[in-house]
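*Asks:* Just need the structure, nothing else, for what follows:
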Amino acid sequence: MALTQDIDAMVDGLGIRASLRPYEDLDPDLKQIRLLNVKAGQGQEDVNCELQVVSLLDESKPKYETISYVWGDPSAKGSVHLNGIRTEIGLAAEEVLRRFRLREHDRVLWIDAICIDQTNLAERGQQVAMMVDIYSNTTHGLIWLGEHGGDGVAAVQGVTAIYEEARAETENLERLYRTLYRNRRPRTSERTLSAEVDLGVVLGFYDAPWFQRLWCVQEAALANESTCYYGYLELPLMKALIAAQWLAFKRLQISFGLNDHPGLGCAAEIWAFADHDNGMTDRSDSSQPMQSGHDKASANDANHATTTLAPEDSQQPHPASERHTMSAPVQRFANPTPLALMGFVISTFTFAMVLMGWGGANSLIGVLGIFFFTGPVLMGLATIFEWIQGNFFQMMICGLFTVFWLSWGLIFTPSVGIAASYSTTGNALEGMLSKQYNATLAIYALVWGFAILTFFVFTLGANAVMAAVFFLLCVGAFCAGGALFFAAAALGWYYTFALICIELGAPFKPPIYELTRFWPKAREGTPNAGVAVA
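*Replies:* As a prediction, this is how the structure comes out:
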């Protein structure tokens, strides 16, 4: 230690440090890289390292671990001893090396800030073009998220609990992709999060800047195995990414604010690239991930990110990126289900009260506007947005009831003359009282009753509230019971209120009594079943 300090003092005094260069030239044709052999040490002892040049083309592949971290403030400087020469590096790089060096054994690492000569622009370009090879050949990825606050333990425990829930509900992750995506489009769930976690603490974990850096997508995706280090705590990267994806999947039942959380959204996107067993991509796709939603905090970060991920055209989106973006398309749209529910509730309440003759009402003519505009317009818009979000079951229900209310309104429009056509004198009232007219309406209601019965079967895999709504609608259609329709509308209003509470992050959430546990197969085929309207 003293000898090293004396040599440093002498070199500084003679003013020759600038002429000393710890880097040997690399041969790009041999795919040569530098590895950093970090000597054993601890605490505030100087960080002593040796650089060695290896070729990725050698039959005996070099063994090393890669470090992924955020460069931080470029003006903050630290130093290490490289091949006996004190070399200035970024302070963040020095701190990371101190964190990952071992007390008793040397450790072979690859870290971009040191293993690449940052003063040599030509070398930087060559090495950045080799990032796929560098990260694909690592034995282990070390991800430094930074120091944690006092809630670090609770955060890691919460993330782990969410991961375990995802594993349990997808048959040990075998059906994870099928649950989260349909036709390569992300899905959302209306089921509640069963894991009891402090959401604020968990989101604090995903606030780490690492989750928002563009180049981290590639680094995470290419390493066969990576571990997140959060202060002294450790967590497998895949658990953190799956937990983020699961939160994004269930965000509609948790908090409206999850839509706008950048770290969570980026972590969820990373999962699609990093999970080679359950994700959406292969390694060739991983070299060109999406660039939307990720932060490039500094010039160094931006150069490293865009050059690494898209060296030929960093500004053009890659087709794989568009296919695999998880959170970006969904975050552009609000949850359309409450809108559809509102259209259903208003129309059904009105229809039921007229059938029951409330206040002497005996005709639907005065409220035809509800059947032509309120119900169909709200539910028609919801149909479009449910389709965009890939929610098949909701789309079917909303579309079905859009045309139902339109056709029902058309039947009772006087100018169309449907009822009058059943009268020999052309009198509409006489036609409405005729046996033939009512028999035709009965057939109409019977057909719709069977359609509703079909959907009722699938709501049994969702929740008790929606199952009850469909049951009442089905029986009401078969029996033409106004009271049954009224009860269905009341339950529909209750469900609408519950969803609005969820969307606005209300402190209370009316129970909807999930039936998932009674129908396990619903987890794969219909995770969103029954959440639309009726």
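*Asks:* Output stretch 50-63 as CSV, restricted to C-alpha atoms.
*Replies:* What follows is stretch 50-63, C-alpha atoms only, in CSV (Å, rounded to 0.1, in the frame of the first residue of the first chain):
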residue,chain,number,x,y,z
GLU,A,50,-5.3,-6.0,-13.7
LEU,A,51,-6.5,-5.9,-17.3
GLN,A,52,-6.1,-8.9,-19.5
VAL,A,53,-6.9,-9.3,-23.1
VAL,A,54,-8.9,-12.4,-24.2
SER,A,55,-10.5,-13.5,-27.4
LEU,A,56,-14.1,-14.6,-27.6
LEU,A,57,-13.2,-16.8,-30.5
ASP,A,58,-11.0,-19.1,-28.3
GLU,A,59,-12.3,-22.6,-27.9
SER,A,60,-12.0,-22.3,-24.2
LYS,A,61,-14.3,-19.4,-23.6
PRO,A,62,-13.1,-16.9,-20.9
LYS,A,63,-15.0,-17.0,-17.7
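*Asks:* Report the distance from it to the chain centre.
*Replies:* 38 Å (Cα atoms, centre = their mean, to the nearest Å).
*Asks:* In it, which residues are buried?
*Replies:* By neighbour count on 16 or more other Cβ atoms under 10 Å, the buried set for stretch 50-63 is 50-54, 62. Backbone N, C-alpha and C define where each C-beta goes, glycine included.
*Asks:* what does stretch 402-412 give?
*Replies:* 402, 404-406, 408-409, 412.
*Asks:* Over to stretch 421-439?
*Replies:* 422-423, 428, 431-432, 437.
*Asks:* List just the nearest of those residues to A490.
*Replies:* For the buried residues of stretch 421-439, the residue nearest A490 by Cβ to Cβ is M432; the value is 27.9 Å.
*Asks:* Quick check: the closest one touching S421?
*Replies:* No - with contact defined as Cβ atoms under 8 Å, M432 does not count as touching S421 (10.9 Å).
*Asks:* residues near P74, how many?
*Replies:* 14 (other Cβ atoms under 10 Å).
*Asks:* Could you look up the SS state of it?
*Replies:* coil (DSSP: H, G, I helix; E, B strand; the rest coil).
*Asks:* Where does I143 fall, secondary structure wise?
*Replies:* In this structure, I143 sits in strand 140-146 according to DSSP states H and E.
*Asks:* and that strand, how far out from the chain's middle?
*Replies:* 22 Å.
*Asks:* That one - contacts with which helices or strands?
*Replies:* strand 65-68, helix 91-100, helix 216-222, strand 226-230 (3 or more Cβ pairs under 8 Å, 6 or more residues apart in numbering; DSSP states H and E).
*Asks:* again, only this time at 6 Å
*Replies:* Contacts defined by 3 or more Cβ pairs under 6 Å, 6 or more residues apart in numbering; DSSP states H and E place strand 140-146 against strand 65-68, strand 226-230.
*Asks:* how close does the residue of the chain most remote from its centre sit to S415?
*Replies:* Each residue of the chain has a distance to the centre, and by Cα atoms, centre = their mean the biggest one is for T425: 63.4 Å. Distance, T425 to S415, using Cβ to Cβ, to the nearest Å: 18 Å.
*Asks:* residues touching I116, list them.
*Replies:* Residues near I116 by Cβ atoms under 6 Å, 6 or more residues apart in numbering: 124, 127.
*Asks:* Tell me the bridge partners for V108.
*Replies:* Beta bridges link V108 to N37, judged by DSSP bridges.
*Asks:* Make 65 the first number, not 1, from now on.
*Replies:* Taking 65 as the first residue, the last one we looked at is V172.
*Asks:* Surely it touches L99?
*Replies:* Yes - using Cβ atoms under 6 Å, V172 makes contact with L99 at a distance of 5.4 Å.
*Asks:* which residues do the two both contact?
*Replies:* In contact with both V172 and L99: Y128, using Cβ under 6 Å, 6+ apart.
*Asks:* Among these two, which residue is more densely surrounded?
*Replies:* Neighbour count, other Cβ under 10 Å: between V172 and L99, L99 has more, with 20 against 16.
*Asks:* what's the helix or strand encompassing that one in contact with?
*Replies:* Using DSSP H and E, L99 sits within strand 96-102. For strand 96-102, contacts defined as Cβ under 6 Å, 6+ apart pick out 90, 113-119, 128, 165, 170-174, 178-179.
*Asks:* Now with 7 Å, please.
*Replies:* 90, 111, 113-120, 126, 128, 161, 165, 170-175, 178-179, 191, 194, 198 (Cβ atoms under 7 Å, 6 or more residues apart in numbering).
*Asks:* which parts of it are buried?
*Replies:* In strand 96-102, counting by 16+ other Cβ under 10 Å, buried: 96-100, 102.
*Asks:* circling back to that earlier point, which members of the buried residues of stretch 485-503 are the farthest-apart pair?
*Replies:* Greatest spatial distance among these (Cβ to Cβ): A492 and Y501, at 9.9 Å.
*Asks:* between the two, what contacts are shared?
*Replies:* A483.
*Asks:* Report the mean per-residue pLDDT for stretch 520-537.
*Replies:* Across stretch 520-537, the average pLDDT comes to 84.
*Asks:* Repeat that for stretch 210-229.
*Replies:* Confidence for stretch 210-229, expressed as mean pLDDT, is 91.
*Asks:* Then stretch 564-583?
*Replies:* Averaged across stretch 564-583, the pLDDT comes to 72.
*Asks:* Put the alpha carbons of that stretch into CSV.
*Replies:* Output in CSV follows, covering the C-alpha atoms of stretch 564-583 (Å, rounded to 0.1, in the frame of the first residue of the first chain):
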residue,chain,number,x,y,z
ILE,A,564,-64.4,3.3,-10.5
CYS,A,565,-63.2,2.9,-7.0
ILE,A,566,-60.3,0.9,-8.3
GLU,A,567,-59.5,3.2,-11.1
LEU,A,568,-59.5,6.3,-8.9
GLY,A,569,-57.5,4.6,-6.2
ALA,A,570,-60.3,5.0,-3.6
PRO,A,571,-59.3,3.8,0.0
PHE,A,572,-62.1,1.2,-0.1
LYS,A,573,-62.9,-1.5,-2.7
PRO,A,574,-66.3,-3.0,-2.8
PRO,A,575,-65.9,-6.8,-2.9
ILE,A,576,-66.8,-8.7,-6.1
TYR,A,577,-66.2,-12.2,-4.7
GLU,A,578,-63.9,-13.8,-7.2
LEU,A,579,-64.7,-17.3,-8.4
THR,A,580,-61.3,-18.0,-9.8
ARG,A,581,-60.4,-20.7,-7.3
PHE,A,582,-63.4,-22.8,-8.3
TRP,A,583,-62.4,-22.7,-12.0
